[in-house]
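Student: what follows is a predicted structure for the sequence shown.
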Amino acid sequence: MTRRRTKIVATLGPATDSPAVIRELIDAGCDVVRLNFSHGSAADHARRARIVRSAAAAAGRDVGILADLQGPKIRIEGFAEGPVQLTEGQSFVIDTAMGSQAGDVKGVGCSYQRLPDDVKAGDSLLLNDGAIELSVAVVHGSRIETTVRVGGRLSDRKGLNKKGGGLSAAALTDKDREDLHHAVALDADFIAVSFPRSAADMAETRELMAAAGGHAALVAKIERAEALPELEAIIAASDAVMVARGDLGVEIGDAELPAWQKRIITAAREDNRLVITATQMMESMIASPIPTRAEIMDVANAVLDGTDAVMLSAETAIGKYPVKTVAAMARVCRGAEAQYERIAHGNPARFAVHFERIDEAVARATAWAARHMKAAAIVALTESGATALMMSRGTTQVPIFALTPHERTRRRMALCSGVYPYAFEPADLSGTHPSLEAIALLRERGVLQPGDRVLVTRGEFTGPGGTNTMKILSVPE
């Protein structure tokens with residue numbers, strides 16, 4: 001079977017709590033699991049992480065763990081007598097001084113105390129993922145008096161967004177700082193930062209993580225309107241980005257979202273960063289064993305846009321068919337990948353620019369040569385995985401096998417499209433011995449066949465950033 005290039009991230013939750021189900025998720029094609037710190041306790045996440053590590057080892061797979069920090073998700077408070085129905089034209093108050101369960105059809109509290117300072121008359125507030133829209137009439141002390149523009153059913157603790165962005169809540173809350181230590185303790189491979197507004201938010205997270213002894217790759221979730229003008233700087237300060245289409249779509253509007261998805265993916269690839277596309281990709285499979293045609297098209301289009309990974313949230317966390325959902329997503333990814341010659345998602349003109357780094361020059365040249373000489377594989381002998389990542393940003397459909405002795409590197413490569421990590425530590429570092437040992441290992445695993453033409457990259461010295469050599473070899477008979 002053709003190897004699937006696009007990776008799959010599956011969120012764990014009550015539906016996937018058992019070791020047997022997690023093993024089935026991995027067998028179905030899950031490459032990275034997501035621990036959503038918006039739900040569950042630190043003990044829950046630690047237990048799930050242990051199960052994942054055990055199941056991955058049993059399956060002979062390197063499966064990454066992504067710890068997703070909650071961030072400053074702004075929510076209304078609760079209603080005294082259950083959900084209310086808001087109708088177009090009625091008055092409705094959001095009051096930060098109201099009790100946590102004192103809401104009714106006339107108004108409700110809000111946990112974000114600075115909200116009255118962040119809004120003014122004429123602003124639009126969006127509730128419940130944009131399903132309800134309120135127009136701000138006047139702000140008086142703790143009270144925000146609004147008129148319902150789009151009504152609907154409203155229940156406890158629904159999210160609140162300001163259309164166009166502009167809420168001043170910091171990216172990292174006290175809860176996030178505590179959860180960051182929990183993520184480091186469970187040895188998460190990726191830590192996602194929710195609602196970053198600038199590169200400074202990512203830099204602060206990196207400093208806090210380093211102080212806690214962590215080594216995870218940082219994922220910036222692009223979900224605020226304010227993040228878009230700062231996109232390039234945020235990407236540069238991160239190891240990966242997530243197109244978090246839920247809150248982002250609410251803030252900028254549905255019509256703007258598809259173009260921004262493509263722009264974010266392209267910008268990430270051009271800066272040698274990983275990119276995940278997320279939110280409602282197969283939402284109907286929470287309750288249905290098959291996806292809709294629209295969902296199939298959505299996943300396929302993300303693949304064609306060049307995303308490294310597609311992500312499942314509630315579908316696997318609380319859905320009825322978590323394993324079937326992962327299997328369906330894997331099929332759609334393979335189908336999309338089979339339909340086209342790899343598009344130059346990173347600008348192909350990059351081959352004409354000056355490369356400052358030797359390893360990037362080798363990586364780009366190798367990817368170009370592999371594609372045009374129809375090589376069977378690229379084999380990257382790597383310490384950090386950087387060379388394999390850079391090669392995957394190009395236009396080759398040739399599989400890239402990242403061989404490294406470092407388990408942390410292998411798990412990080414589990415998120416990288418078109419890259420397949422293997423444990424490898426050569427017995428002899430001299431001459432061509434490491435390249436020949438690597439080819440022998442992959443032949444033994446059934447990956448390479450006698451006569452295959454293979455491009456091998458490595459460094460003549462050890463250490464990150466040391467790749468400076470590319471060889472063209474044939475698999476011996």
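Tutor: Done, it's in.
Student: correct me if wrong: V193 contacts A171.
Tutor: Yes - shown here, V193 and A171 form a contact pair, counting by CB atoms under 8 Å, at 6.1 Å. (Glycine included, C-beta is placed from N, CA and C.)
Student: would you double-check that A188 falls in a strand?
Tutor: No - counting by DSSP: H, G, I helix; E, B strand; the rest coil, A188 falls outside a strand, being coil.
Student: what sits closest to it if chain neighbours are left out?
Tutor: With sequence-adjacent residues excluded and distances taken as CB to CB, 6 or more residues apart in numbering, A188 is closest to A67, at 3.9 Å.
Student: helix/strand/coil for the one you found?
Tutor: The local conformation at A67, judged by three-state DSSP, is strand.
Student: same thing with the one 3 residues further on?
Tutor: When the structure is reduced to helix, strand and coil (three-state DSSP), Q70 reads as coil.
Student: settle it for me: which of V193 and A171 has more neighbours?
Tutor: Neighbour totals were compared for V193 and A171, and V193 leads with 26 against 23 (other CB atoms under 10 Å).
Student: that older thread, anything in contact with each of V193 and A171?
Tutor: 71, 201, 205 (CB atoms under 8 Å, 6 or more residues apart in numbering).
Student: in a markdown table, list those residues along with neighbour count and pLDDT.
Tutor: Formatted as a markdown table, the shared contacts of V193 and A171 follow (neighbours: other CB atoms under 10 Å; pLDDT from 0 to 100):
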| residue | neighbour count | pLDDT |
| --- | --- | --- |
| G71 | 26 | 95 |
| D201 | 24 | 97 |
| T205 | 26 | 98 |
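Student: residues near the residue nearest to A188, how many?
Tutor: Number of residues near A67 (other CB under 10 Å) recorded here: 26.
Student: F37 is in contact with that one, correct?
Tutor: Yes - assessed by CB under 8 Å, A67 is found in contact with F37 at 6.3 Å.
Student: turn the shared contacts of V193 and A171 into a markdown table, including distance to R149.
Tutor: Converted to a markdown table, the shared contacts of V193 and A171 look like this (distance: CB to CB, whole Å):
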| residue | distance to R149 |
| --- | --- |
| G71 | 27 |
| D201 | 31 |
| T205 | 36 |
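Student: out of the residues you listed, the closest to Q280 would be?
Tutor: G71 (18.5 Å; CB to CB).
Student: quick check: closest non-adjacent residue to the closest one.
Tutor: Leaving out its chain neighbours, the residue that sits closest to G71 by CB to CB, 6+ apart is S194, at 2.6 Å.
Student: what of A375?
Tutor: Among residues not flanking A375 along the chain, R453 sits closest, at 4.9 Å (CB to CB, 6+ apart).
Student: quick check: beta-bridge partners of that neighbour?
Tutor: R453 has these beta-bridge partners by DSSP bridges: S474.
Student: look up how far H140 lies from it.
Tutor: Computed as CB to CB, to the nearest Å, the R453 to H140 distance reads 74 Å.
Student: the two: which is more packed in?
Tutor: Neighbour count, other CB under 10 Å: between R453 and H140, R453 has more, with 15 against 11.
Student: who's in contact with the more buried one?
Tutor: Residues in contact with R453 (CB under 8 Å, 6+ apart) are 373-376, 472-475.
Student: quick one on the thing from earlier: list the residues that contact both of A67 and F37?
Tutor: 45, 179, 182-183.
Student: sheet partners, orientation included, of the helix or strand containing V241?
Tutor: Using DSSP states H and E, V241 sits in strand 240-244. Paired strands of strand 240-244, with direction, are strand 217-222 (parallel), strand 274-278 (parallel) (DSSP bridges).
Student: do a quick rundown of the helices in the stretch 251-400 of the chain.
Tutor: In the stretch 251-400 of the chain, the helices defined using DSSP state H, counting those that start in this stretch lie at 257-270, 293-305, 314-317, 322-337, 358-372, 386-392.
Student: now mean pLDDT, distance to A402 and mean neighbour count too, for these, in TSV please.
Tutor: TSV is the format used below for these (pLDDT from 0 to 100; distance: least, CB to CB, whole Å; neighbours: other CB atoms under 10 Å):
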stretch	mean pLDDT	distance to A402	mean neighbour count
helix 257-270	96	17	19
helix 293-305	97	21	19
helix 314-317	97	26	25
helix 322-337	97	19	22
helix 358-372	89	12	20
helix 386-392	94	4	26
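Student: quick one: closest of the ones you listed to G29.
Tutor: G29 lies closest, by CB to CB, to one member of the helices of the stretch 251-400 of the chain: helix 322-337, at 3.7 Å.
Student: just to check, D187 is in contact with A49?
Tutor: Yes - the pair D187 / A49 is scored as a contact, 7.5 Å apart, by CB under 8 Å.
Student: the two: which is more packed in?
Tutor: Set D187 next to A49 and count neighbours by other CB under 10 Å: A49 wins out with 21 against 16.
Student: next, the contact list for the more buried one, please.
Tutor: Contacts of A49 by CB under 8 Å, 6+ apart are 35, 65, 186-188.
Student: and the nearest residue to V32 once chain neighbours are set aside, what is it in contact with?
Tutor: Closest residue to V32 apart from its sequence neighbours, by CB to CB, 6+ apart: G64 at 4.0 Å. By CB under 8 Å, 6+ apart, G64 lies in contact with 31-33, 189-190, 411-412, 414-415.
Student: and the pLDDT at G64?
Tutor: If you check G64, the pLDDT there is 98.
Student: against which helices or strands is the host helix or strand of H182 packed?
Tutor: Here H182 sits within helix 174-185, counting by DSSP H and E. Using 3 or more CB pairs under 8 Å, 6 or more residues apart in numbering; DSSP states H and E, the elements in contact with helix 174-185 are helix 42-59, strand 64-68, strand 190-193, helix 199-211.
Student: got the contact list for it?
Tutor: Contact with helix 174-185 is made by 35, 37, 42, 45-46, 67, 69-71, 172, 191, 193-194, 205, 208-209, 212-214, 216, as judged by CB under 8 Å, 6+ apart.
Student: buried subset of those residues, written for PyMOL?
Tutor: Command for PyMOL, covering only those of the contacts of helix 174-185 found buried under the criterion 16 or more other CB atoms under 10 Å:
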select buried, resi 35+37+45+67+69+71+172+191+193+194+205+208+209+214+216
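Student: so which of the helices of the stretch 251-400 of the chain is nearest V105?
Tutor: Nearest of the helices of the stretch 251-400 of the chain to V105, taken as CB to CB: helix 314-317 at 28.2 Å.
Student: which strands and helices sit next to that closest one?
Tutor: For helix 314-317, the contact count by 3+ CB pairs under 8 Å, 6+ apart identifies strand 7-11, helix 322-337 as packing neighbours.
Student: give me the contacts around it.
Tutor: Defining contact as CB under 8 Å, 6+ apart, one finds that helix 314-317 is touched by 10-16, 25, 36, 39, 281-283, 285-286, 322, 325-326.
Student: return stretch 222-240 as CSV; C-alpha atoms alone will do.
Tutor: This file holds the C-alpha atoms of stretch 222-240, laid out as CSV (Å, rounded to 0.1, in the frame of the first residue of the first chain):
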residue,chain,number,x,y,z
ILE,A,222,-3.8,30.9,14.9
GLU,A,223,-7.3,31.7,16.1
ARG,A,224,-7.3,35.5,16.9
ALA,A,225,-7.9,38.2,14.3
GLU,A,226,-5.0,40.1,15.9
ALA,A,227,-2.6,37.2,15.1
LEU,A,228,-3.1,37.6,11.3
PRO,A,229,-1.1,40.9,10.9
GLU,A,230,1.6,39.3,13.0
LEU,A,231,1.5,35.9,11.3
GLU,A,232,5.1,35.8,9.9
ALA,A,233,6.6,36.8,13.3
ILE,A,234,4.5,34.3,15.2
ILE,A,235,5.5,31.5,12.7
ALA,A,236,9.2,32.4,13.1
ALA,A,237,8.8,32.2,16.9
SER,A,238,7.2,28.8,16.7
ASP,A,239,8.1,25.3,15.6
ALA,A,240,4.6,24.6,14.2
